[in-house]
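Participant: Pasting the sequence and the predicted coordinates here, then a few questions.
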Amino acid sequence: MRVVLQRVSRAKVSVDGEVTGEIGRGILVLLGVSRSDTEAEARSMLEKTLNLRIFDDEDGKMNLSLLDIAGELLVVSQFTLYGDARKGRRPSYIDAAGPEEANRIYEYFVAEARKHVANVGTGRFQAMMDVELVNDGPVTILLDSDRAF
C-alpha cells in the first residue's frame, strides 16, 4: 500500500461538479492499493496516518498527531501511485490491485478511519475527481507498506 499524506488547512474532492468530500484542518490521504495488500496493511497504514506527529504543538514543533488535534481526514483512492515509469514513456500499473479488490481495501481503510476520526470525507472510487487542497507547511509525507521509502 502506498500513501501520500498532505497536511492541509482545508481540502475537498468533487466529481462532475458535486463535492463528495470536504475537510478543514487535517490530512488529505491519497491511497494506492497493490495486488498483495490485505486488511492488515490497511490497518497498519491507517495507524501510522492517525498517529504520525506532523502537526505543530504550542512551541511550533511537529509533535502532535491528527488524533491529538482532533483533525479531519479526506481519503482519495489513487491507483496511479503504483505507476512504474522506469521503462519507456508510459507507466505500467501491473502492481496495482484490480478495481474490485482495491475498492474493498479502500472501503475498509475508510470504515476503520471513521472509528477514530469524526469527519472522514472521501472521493468516489474509479471516478475522475478534482482534488483541491491547501497544503499547510507544505508538509507531504510518503508511506509504503513495503518500506520502499
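Facilitator: Perfect, thanks for sending it.
Participant: The protein: helices as residue ranges?
Facilitator: Secondary structure of the chain (DSSP state H): helices located at 39-51, 99-113.
Participant: So, low pLDDT: which residues of this structure?
Facilitator: Judged against pLDDT under 70, the chain has no low-scoring part.
Participant: residue nearest the centroid of it?
Facilitator: The centroid of the chain falls nearest to Val29 when counting by C-alpha atoms, centre = their mean (1.9 Å).
Participant: residues touching the nearest residue to that one once chain neighbours are set aside, list them.
Facilitator: Counting by C-beta to C-beta, 6 or more residues apart in numbering, Val29 lies nearest to Val75, which is 4.6 Å off, once chain neighbours are set aside. Bear in mind the C-beta positions are built from the backbone N, C-alpha and C, glycine included. Residues in contact with Val75 (C-beta atoms under 8 Å, 6 or more residues apart in numbering) are Gly21, Val29, Leu31, Tyr106, Phe109, Val110, Ala113, Val120, Gly121, Thr122, Gly123.
Participant: beta partners for Val75?
Facilitator: Judged by DSSP bridges, the bridge partners of Val75 are Val29, Thr122.
Participant: before we move on, back to that, and which of the contacts of Val75 is nearest Asp146?
Facilitator: Lowest distance from Asp146 to the contacts of Val75 (C-beta to C-beta) belongs to Leu31, with 14.8 Å.
Participant: gap between that closest one and Asp59?
Facilitator: Distance, Leu31 to Asp59, by C-beta to C-beta, to the nearest Å: 32 Å.
Participant: quick one, which of these two is more surrounded?
Facilitator: Using other C-beta atoms under 10 Å as the criterion, Leu31 and Asp59 rank with Leu31 on top: 27 against 6.
Participant: who's in contact with the more buried one?
Facilitator: Residues near Leu31 by C-beta under 8 Å, 6+ apart: Met1, Arg2, Val3, Met45, Val75, Val76, Ser77, Gln78, Leu81, Tyr106, Phe109.
Participant: can you rerun that using 10 Å?
Facilitator: The contact partners of Leu31, by C-beta atoms under 10 Å, 6 or more residues apart in numbering, come to 1-5, 42, 45-46, 49, 75-79, 81, 102, 105-106, 109-110, 122-123, 143.
Participant: can you check Val8 too?
Facilitator: Counting by C-beta under 10 Å, 6+ apart, Val8 touches 23-28, 71-72, 74, 132-139.
Participant: Mark which of those residues are buried, thanks.
Facilitator: Among the contacts of Val8, those classed as buried by 16 or more other C-beta atoms under 10 Å are Ile23, Arg25, Gly26, Ile27, Leu28, Gly71, Glu72, Leu74, Leu133, Asp136, Val139.
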